[in-house]
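> below is the sequence, then the predicted model.
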Amino acid sequence: MKEKGILFILSGPSGVGKGTVRKRLFETSTNLQYSISVTTREKRPGEVDGVDYFYKTRNEFEELIRNGELLEYAEYVNNYYGTPRKYVEETLEKGLDVFLEIEVQGAMQVKENFPEGVFIFLFPPSLEELKNRIVNRGTESEELVINRLKEARKEIDMMDAYDYVVVNDSVDKAVEKIKAIIQAEHLKRERIAKQYKRILEDE
Ligand SMILES: Nc1nc2c(ncn2[C@@H]2O[C@H](COP(=O)(O)OP(=O)(O)O)[C@@H](O)[C@H]2O)c(=O)[nH]1
Ligand SMILES: Nc1ncnc2c1ncn2[C@@H]1O[C@H](COP(=O)(O)OP(=O)(O)O)[C@@H](O)[C@H]1O
C-alpha cells in the first residue's frame, strides 16, 4: 500500500508574513503541493485567478459550501475563504505532501478532519511589528488594519493548539525552520513505519 502524503498547515495572524514565507518556501521546495484557496475577496493588483486564489462571488462560494466541496472555510474581515476538499484528499492519496496557508478558524476545522496534520503557527516578533507589516503592505484601509489587528489578538490566543510555533523574524530563518519541521516529520513517519513493519515480521 502506498504511504499517504503529509498535510502541513501554516497559519497565524494576518500580516505576520504567511504569504511571503510560503512563496519563499515554494521557490526552493519542489516536493510540496500548494492548495490554492477559493475566496470572495477582490483580486489585488498583480494577483492571478487560479494562481493566488480562485475568485468567486458570494453566491458561488455558498454553493460550494452547500455541496460539501470545501474541506474548511471561514468568514474573515467580511469575505469568505476556503480550501477545496477534492484537491487536498486526492493529492494526499497520491502520496504527495499538501501545504495549506490559512487563517486560524479554518485551521481549527482542518484539525477536526485531519488530526494527523502538522500544524505550524507563524508568530510575529511583536504586536508592534505586526501592525507595521500590515500598514507597510498598504493593501488595507485604516479601518481594515484595525479589524485585522483585533483578529490577530484572538488568533494568537489559539497558538496552543498548534504542533510548532515559528517566529517570523527573518523570512529566510522562518523558511529554514519550516523546512526542518517538514524533514523531521518525514523521518518520524519513516521510523514509525519501520517499527510497525518489524512488529508485523516478528508475529
Ligand atoms: N480559512 C481559510 N483561510 C484562508 C484561506 N486562504 C487564505 N486564508 C487566510 O485568509 C486571510 C486573509 O487572506 P488575504 O486576504 O489574502 O490577506 P493576507 O494573507 O493578509 O495577504 C489570511 O490569514 C489567509 O491565510 C482558506 O482557504 N481558508
Ligand atoms: N520576516 C519579515 N520581516 C519583515 N517584513 C516581513 C517579513 N515577512 C513578511 N514581511 C512583510 O509583511 C507584510 C505582510 O506579509 P504577508 O506575507 O502579506 O502576510 P500574511 O500573508 O500573513 O497576511 C508584507 O509587506 C511583507 O513583505
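That came in fine, so what should we check first? Quick caveat: nothing in here was measured; it's all calculated off a predicted structure. Ligands and ions are numbered 1, 2, ... in the order given.
> C-alpha from now on. contacts and neighbour counts both.
Fine.
> where does Ile120 sit, in terms of helix or strand?
Following DSSP states H and E, one finds Ile120 within strand 118-123.
> pull up the pairing partners for that strand, direction included.
strand 7-11 (parallel), strand 164-167 (parallel) (DSSP bridges).
> and Val38, that one's in a strand?
Yes. Val38: assigned to a strand according to DSSP: H, G, I helix; E, B strand; the rest coil.
> tell me how far the nearest residue in space to it that is not next to it in sequence lies from Lys43.
Excluding its sequence neighbours, the residue lying closest to Val38 (CA to CA, 6 or more residues apart in numbering) is Phe54, at 4.6 Å. Going from Phe54 to Lys43 by CA to CA, to the nearest Å gives 10 Å.
> ok, the two, which is more surrounded?
Phe54 (18 against 14; other CA atoms under 10 Å).
> the more buried one and Phe61: what is the separation?
10 Å.
> overlap of the contact sets of these two?
Any residue near both Phe54 and Phe61 by CA atoms under 8 Å, 6 or more residues apart in numbering counts here, and that gives Val38, Thr39.
> for the nearest residue to Gly50 once chain neighbours are set aside, what are its contacts?
Using CA to CA, 6+ apart and skipping the chain neighbours, the partner closest in space to Gly50 is Ile36 (7.2 Å). Ile36 is in contact with Gly50, Val51, Asp52, Tyr53, Phe54, Thr83, Pro84, counting by CA under 8 Å, 6+ apart.
> from the residues you listed, list just the buried residues.
When the contacts of Ile36 are checked for burial by 16 or more other CA atoms under 10 Å, the buried set is Asp52, Tyr53, Phe54, Thr83, Pro84.
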